[in-house]
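Engineer: 3D, please:
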Amino acid sequence: MAEKITWTAGRRKLKDLKPWERNPRQITKEQARRLAESFDEFGQVETIAISPTDDVYNGHQRLAVLLEKHGGDYEIEVRVSSRPLTEKEREKLTVYLHKGAAGEWNFDALANGFEVDELIEWGFKAYELGIAGAVDDPNAEWEGMPEMGMQNKAYRTLTVHFRTEEEVRQFSNMLNINITEKTKYCWFSNSENES
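Structural biologist: Below is the predicted model of the structure:
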């Protein structure tokens, strides 16, 4: 049985923190903008969780936004684990923090205690709040995307990661494929017959 993990407060420069290459979390430009605004208004409310050797366990999006805003020499508060997590512990912690134990919105409390316009300004979509005739369509992101039925025709699927928007543009141009912010996957084929 692994040694119990405890956490202590610490401080680190942003440039010393090492992001997890396999981090399954992501952030849109709009979410990053709102996160940056929250830092401006409220400061650093949530800390970044790291290993004793500065590997980031939780807080990758905060790290990216803070790096963009302040640069690598900026110092922040962190929570440091008493021992390094195994890869499986790291995976489990990520899911627990963001899905398994994160809680859910009480929409009755939101509807009765918050202003709808403010909720939308702060990040909710109108359809999430059950607003009749909401312009935001949760399925709109799939418009123009390849049909899901094509998946069973794939010989091979490859996940590609990019560090910058410029790399996305270069990749898109290289393959002559239109990649937008909403693109989740695409097909590349030189076949004459796609059926």
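
Engineer: From V80, how far off is the most centrally placed residue in the chain?
Structural biologist: Residue closest to the mean C-alpha point of the chain, counted by C-alpha atoms, centre = their mean, is Q26 at 1.9 Å. Q26 sits 25 Å away from V80, going by C-beta to C-beta, to the nearest Å. Glycine gets a C-beta too; all of them are placed from N, C-alpha and C.

Engineer: For the chain, just list every one of the helices.
Structural biologist: 29-42, 60-70, 87-95, 107-113, 116-121, 165-175 (DSSP state H).

Engineer: Not counting its own residues, what contacts the fourth one?
Structural biologist: In other words, helix 107-113. Contacting residues not belonging to helix 107-113 are listed as 119, 129-130 [C-beta atoms under 8 Å, 6 or more residues apart in numbering].

Engineer: How about the second one?
Structural biologist: The contact list for helix 60-70, computed with C-beta under 8 Å, 6+ apart, reads 14-15, 17, 19-20, 23, 25-27, 31-32, 35-36, 39, 44, 46, 48, 56, 74, 76.

Engineer: Please check those residues and keep the buried ones.
Structural biologist: Neighbour-count burial (16 or more other C-beta atoms under 10 Å) applied to the contacts of helix 60-70 gives 14, 17, 20, 35, 48, 56, 76.

Engineer: List the contacts of the closest residue to the last one other than its chain neighbours.
Structural biologist: Nearest residue to I76 in three dimensions, chain neighbours excluded: Q44, at 5.9 Å (C-beta to C-beta, 6 or more residues apart in numbering). Q44 sits next to 62, 66, 76-77 when contact means C-beta under 8 Å, 6+ apart.

Engineer: where's Q44 relative to R11, distance?
Structural biologist: If you measure Q44 against R11 using C-beta to C-beta, the figure is 11 Å.

Engineer: list residues touching both of those two?
Structural biologist: Common neighbours of Q44 and R11 (C-beta under 8 Å, 6+ apart) are 76-77.

Engineer: on that earlier part again, let's see the ChimeraX selection covering just the buried ones among the contacts of helix 107-113.
Structural biologist: Per 16+ other C-beta under 10 Å, the buried members of those correspond to this ChimeraX selection:
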select :119,129
